[in-house]
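Trainee: Any chance you could fold what I've pasted below:
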Amino acid sequence: MNRMPAVAGSFYPANADQLRQQVHAYLIRAHSGTRVPKALIAPHAGLVYSGAIAASAYARLEPAFDTINRVVLLGPSHRVAFKGLALTQADSYVTPLGAIPIDHTIEPILADLAYVGILEQAHTHEHSLELQLPFLQQQLASFSIIPIVVGDATPEQISTVLERLWGGPETLIVISSDLSHYHNYETAQKLDKATSIAIEKLQYERLDYESACGKVPISGLLKLARDKNLTVKTIDLRNSGDTGGDKRRVVGYGAYVID
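Mentor: Modelled structure (predicted):
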């Protein structure tokens, strides 16, 4: 069973060549850096709106093209309400760029956690994970994913899962989240700046759903980063008003790296 694309042709091109070219164009404009992050936070809107911001984070993976072979991918549920964290029994996630195998070997590691389970409907139409995949396919040679859709959960629950899946340099953690929604341009800038300061200071207690739709997985990552004495850096902070949208009603996007 494959999880087929849900938003190809709407959030991003359904044509493989067009998608590859668009993602590549964003990546070549972004600064790659020399230090590979252990984790990153990237947005998940349509590519024309948030692709450049996401590329700012994914460009940092360039030195790890052959090193990272497993990606733990968490994103908030936008369509299905549920408690806990949702896995899938699918064999792969498919994009126009190809199929990405799902690593099921981790399931025994999480088997004792009652809040982690299979919920296919959480994955079927969810875009937050899907929007990350073309960037990963462009930046990594060969990899599997552990896709987790996040429902109602605590930072402690998220951090427990991330700790168990942390791995070494072969494993990347990706959290998918946009920032503020539907404020005017100036208000969004202020709100998203405050959110970025809280994220950099690992103050996940200051986040709410007005700050970021991925508040729950972000909070879990920040809790673990605090426990591990890691640092978070904001590498891009814009909104849809900067990338061609109406400035009267914007969505905020941030790119962050954790190491």
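Trainee: Surely Arg248 touches Asn184?
Mentor: Yes. With contact defined as CB atoms under 8 Å, Arg248 counts as touching Asn184 (5.6 Å). For every residue, glycine as well, the C-beta is placed using N, CA and C.
Trainee: which of those two has more neighbours?
Mentor: Neighbours of Arg248 and Asn184, each counted by other CB atoms under 10 Å, are more numerous for Asn184; the result is 13 against 10.
Trainee: Do me a favour and get the backbone dihedrals for that one.
Mentor: Backbone torsions for Asn184, taken as degrees, to the nearest 10, come to phi -70, psi 170.
Trainee: Going by residue numbers, what spans are strands in the stretch 101-250 of the chain?
Mentor: Ranges of strands in the stretch 101-250 of the chain, per DSSP state E, counting those that start in this stretch, are 116-118, 144-150, 171-176, 181-183, 232-239, 250-258.
Trainee: Could you point out which of the ones you listed sits nearest Glu200?
Mentor: Nearest to Glu200 among the strands of the stretch 101-250 of the chain is strand 232-239; the distance by CB to CB comes to 5.1 Å.
Trainee: Quick one: distance of the closest one to the chain centre.
Mentor: Relative to the chain's own centre, strand 232-239 is displaced by 14 Å; criterion: CA atoms, centre = their mean, to the nearest Å.
Trainee: With stretch 179-190 instead?
Mentor: Using CA atoms, centre = their mean, the offset of stretch 179-190 from its chain centre is 20 Å.
Trainee: which other residues reach that stretch?
Mentor: Identification of contacts with stretch 179-190 by CB atoms under 8 Å, 6 or more residues apart in numbering yields 43, 191-192, 195, 210-213, 239, 241, 247-254.
Trainee: Buried ones among the residues you listed?
Mentor: Buried members of the contacts of stretch 179-190, scored by 16 or more other CB atoms under 10 Å, are 43, 191-192, 195, 211-213, 239, 241, 250-254.
Trainee: just those residues now: which is nearest Ile68?
Mentor: Pro43 (20.3 Å).
Trainee: and the angle from the longest helix seen in the chain to strand 250-258?
Mentor: Using DSSP state H to define each element, the chain has its longest helix at helix 185-200. Angle, helix 185-200 to strand 250-258, by axes from the mean of the first three to the mean of the last three CA atoms, to 10 degrees: 20 degrees.
Trainee: Quick one: mean pLDDT for helix 185-200?
Mentor: For helix 185-200, the mean pLDDT works out to 98.
Trainee: what's the answer for stretch 113-125, then?
Mentor: What stretch 113-125 shows for mean pLDDT is 98.
Trainee: now do stretch 223-239
Mentor: pLDDT averaged over stretch 223-239 gives 98.
Trainee: Kindly export it (C-alpha atoms) in PDB.
Mentor: Presented in PDB, the C-alpha positions along stretch 223-239 are these (Å, rounded to 0.1, in the frame of the first residue of the first chain):
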ATOM      1  CA  LYS A 223      11.600  20.400  25.200                       C
ATOM      2  CA  LEU A 224      14.100  17.800  24.000                       C
ATOM      3  CA  ALA A 225      16.400  20.400  22.700                       C
ATOM      4  CA  ARG A 226      16.300  22.000  26.200                       C
ATOM      5  CA  ASP A 227      17.100  18.700  27.800                       C
ATOM      6  CA  LYS A 228      20.000  18.100  25.400                       C
ATOM      7  CA  ASN A 229      21.400  21.600  25.700                       C
ATOM      8  CA  LEU A 230      20.900  22.200  21.900                       C
ATOM      9  CA  THR A 231      20.500  25.500  20.300                       C
ATOM     10  CA  VAL A 232      17.900  26.800  17.800                       C
ATOM     11  CA  LYS A 233      18.600  29.400  15.100                       C
ATOM     12  CA  THR A 234      16.100  31.300  12.900                       C
ATOM     13  CA  ILE A 235      17.500  31.300   9.400                       C
ATOM     14  CA  ASP A 236      14.400  32.700   7.600                       C
ATOM     15  CA  LEU A 237      11.300  34.500   8.700                       C
ATOM     16  CA  ARG A 238       8.800  35.900   6.200                       C
ATOM     17  CA  ASN A 239       5.100  35.700   5.300                       C
END
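Trainee: Please consider this matter closed, and thank you.
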